[in-house]
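Novice: Whatever this is, show me its structure:
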Amino acid sequence: MSSSPFTLFNLPYVPLSIILNTMNEMQIMKLALTSKRVYRLSKMLRKKRMERVSVCIGNYSTIRFETTDSIDHTLFRVSTLSEIQDDSRIEYLKIEDTVVQTQKEKDGRGCIHSYFEDIFIGIQTLSEIISDFFSVPIYRLSVTGDRNINDPRRAINWIMNRQETIAECSYHSKETSEEDLTYFLDTLRVTKSLDVFVKTSENFQYSFKYPMNLDYLHVQGRPYPWLTINNLIETNPRYSWMVETNFTSEDMRMLLILWILGWNPNLQTLEFRLKNLDLQTILNGVPAIYRETPEDLSYKWSDGEEEPRYFDYFFEIRNVNGAVASIVADNGPNEFFSLYVWPDRNGQQYPLERIV
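Specialist: Presented below is the predicted three-dimensional model:
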């Protein structure tokens, strides 16, 4: 007795939709790439969720996918044709009009290794398909590695030509020119998070071309930090943490006065290490009250930090809008200046009853 093979996409739409929506994003994306008809039906029948697509271009080029339940998948890793091993089991996948050499990851996570003559073309081709299938823009762009690998101008031109803004962007490179960095920042339109780690000269300066209200800002210039107080005012970060800065105690005093007068009402946390921290200079003319607590206060400032910050003495300040903040700092070289605005990330309120 013979039986014909079961053809999934010959099912009526209702049962087909039920089956498709039992699949995770990795499974349905791989299925969708098998034909144009399967792609069209899978895109139409899948349930829409709040998904995010992240692209990394560099020494380890990937396209990642994150869902609202914080499950993070690497859909594709993109490499050059020269990286194909002699003993690799290569499969051929036709994507639009391009035949791509692929290989499934052997560790069971399901990532597809794809090989292109030009990594950037591979990232571009696959990202456009994934973005279209899930009907979402690219959420995060990471440009890393040496310039001959990442070509920052090419990357930022592509992103900004395909969509008006990008939520998160990081640019890490030990070998880049200041002209490339300036072009990258001039062209970029970021809305939530900016992370820059590049080598710059002692005289490098930059002014952002449009006002921002970032959730997170981290800029590291080595060996010469270049971020200024004006840059903070231009970007209005909710959170900012930097180990190496050129900020002075007078800069911090100006920042506190601006916050008290109403600058950046969304500010939550600042943590900056100063080359020489002088509390007397920082607090000069600032209406601050010294506070101590019988036990350590805890302050959760970031979802990415497992441990909260702990402190049992600080200076209390308030701004014109009634917000309360704690200044935590000690005199000396290479000390951190920290400003924590209440409530913290977890919604913990300023604990008035425990303060003396």
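Novice: When you work out contacts or count neighbours from here on, use the C-alpha atoms and nothing else.
Specialist: Fine.
Novice: Could you measure from the residue positioned nearest the centre of the chain over to Asn203?
Specialist: By CA atoms, centre = their mean, the chain has its centre lying nearest to Glu168, at 4.3 Å. Glu168 sits 27 Å away from Asn203, going by CA to CA, to the nearest Å.
Novice: can you give me the helices in this structure?
Specialist: Secondary structure of the chain (DSSP state H): helices at 13-20, 25-32, 36-45, 119-134, 147-150, 152-162, 178-187, 229-235, 249-260, 279-282.
Novice: Include distance to Glu305 when you put those helices into JSON lines, please.
Specialist: Output for those, formatted as JSON lines (distance: least, CA to CA, whole Å):
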{"stretch": "helix 13-20", "distance to Glu305": "36"}
{"stretch": "helix 25-32", "distance to Glu305": "28"}
{"stretch": "helix 36-45", "distance to Glu305": "36"}
{"stretch": "helix 119-134", "distance to Glu305": "30"}
{"stretch": "helix 147-150", "distance to Glu305": "29"}
{"stretch": "helix 152-162", "distance to Glu305": "29"}
{"stretch": "helix 178-187", "distance to Glu305": "27"}
{"stretch": "helix 229-235", "distance to Glu305": "22"}
{"stretch": "helix 249-260", "distance to Glu305": "24"}
{"stretch": "helix 279-282", "distance to Glu305": "27"}
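Novice: so which of these gets nearest Tyr350?
Specialist: Between Tyr350 and the helices of the chain, the tightest spacing by CA to CA is seen for helix 249-260, at 17.0 Å.
Novice: follow-up on the earlier one: my read: the residue nearest to the centre of the chain touches Leu141, true?
Specialist: Yes: applying CA atoms under 8 Å as the test, Glu168 and Leu141 come out as touching, 6.5 Å apart.
Novice: neighbours around the residue nearest to Asn231 when sequence neighbours are not counted, how many?
Specialist: What sits nearest to Asn231 in space, not counting adjacent residues and going by CA to CA, 6 or more residues apart in numbering, is Ser207, at 6.5 Å. When neighbours are defined as other CA atoms under 10 Å, Ser207 has 13 of them.
Novice: Next: Glu295.
Specialist: Glu295 has 12 neighbouring residues, counting by other CA under 10 Å.
Novice: Low-confidence bits of the protein, can you list those?
Specialist: By pLDDT under 70, the weakly predicted segments of the chain are 1-6, 49-50, 68-72, 87, 96, 105-109, 146-150, 304, 353-356.
Novice: hmm, back to that, figure out which of the helices of the chain is closest to Glu91.
Specialist: helix 25-32 (13.1 Å).
Novice: The closest one packs against which elements?
Specialist: Judged by 3 or more CA pairs under 8 Å, 6 or more residues apart in numbering; DSSP states H and E, the packing partners of helix 25-32 are helix 36-45.
Novice: Centre of the chain to the helix it packs on, how far?
Specialist: Its chain's C-alpha centre and that of helix 36-45 lie 30 Å apart, by CA atoms, centre = their mean, to the nearest Å.
Novice: what's the angle from it to helix 13-20?
Specialist: Helix 36-45 and helix 13-20 meet at an angle of 90 degrees, taking axes from the mean of the first three to the mean of the last three CA atoms, to 10 degrees as the criterion.
Novice: what residues are up against the nearest residue to Asp278 once chain neighbours are set aside?
Specialist: Take Asp278 and drop its neighbours on the chain: the residue closest to it by CA to CA, 6+ apart is Asn331, 5.2 Å away. If a contact means CA atoms under 8 Å, 6 or more residues apart in numbering, then Asn331 has 276-279 as its contacts.
Novice: can you tell me which two in those residues are farthest apart?
Specialist: Spanning the widest gap among those are Asn276 and Leu279, at 9.8 Å by CA to CA.
Novice: intersection of neighbour lists for those two?
Specialist: Common neighbours of Asn276 and Leu279 (criterion: CA under 8 Å, 6+ apart): 249, 331.
Novice: Compute the distance between the residue nearest to Ser114 when sequence neighbours are not counted and Phe336, please.
Specialist: Spatially, and ignoring its direct neighbours in sequence, Ser114 is nearest to Thr102 (4.3 Å; CA to CA, 6+ apart). Thr102 sits 48 Å away from Phe336, going by CA to CA.
Novice: and if you look at Thr245?
Specialist: Noted for Thr245: a distance of 10 Å to Phe336, by CA to CA.
Novice: Identify the contacts common to those two.
Specialist: Joint contacts of Thr245 and Phe336 (CA under 8 Å, 6+ apart) are 272-274.
Novice: Can I get the buried part of these as one ChimeraX selection?
Specialist: Only the buried members of those enter the following ChimeraX selection, criterion being 16 or more other CA atoms under 10 Å:
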select :272,273,274
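Novice: can you redo the shared contacts of Thr245 and Phe336 as CSV with distance to Tyr350?
Specialist: Below are the shared contacts of Thr245 and Phe336 laid out as CSV (distance: CA to CA, whole Å):
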residue, distance to Tyr350
Phe272, 22
Arg273, 24
Leu274, 26
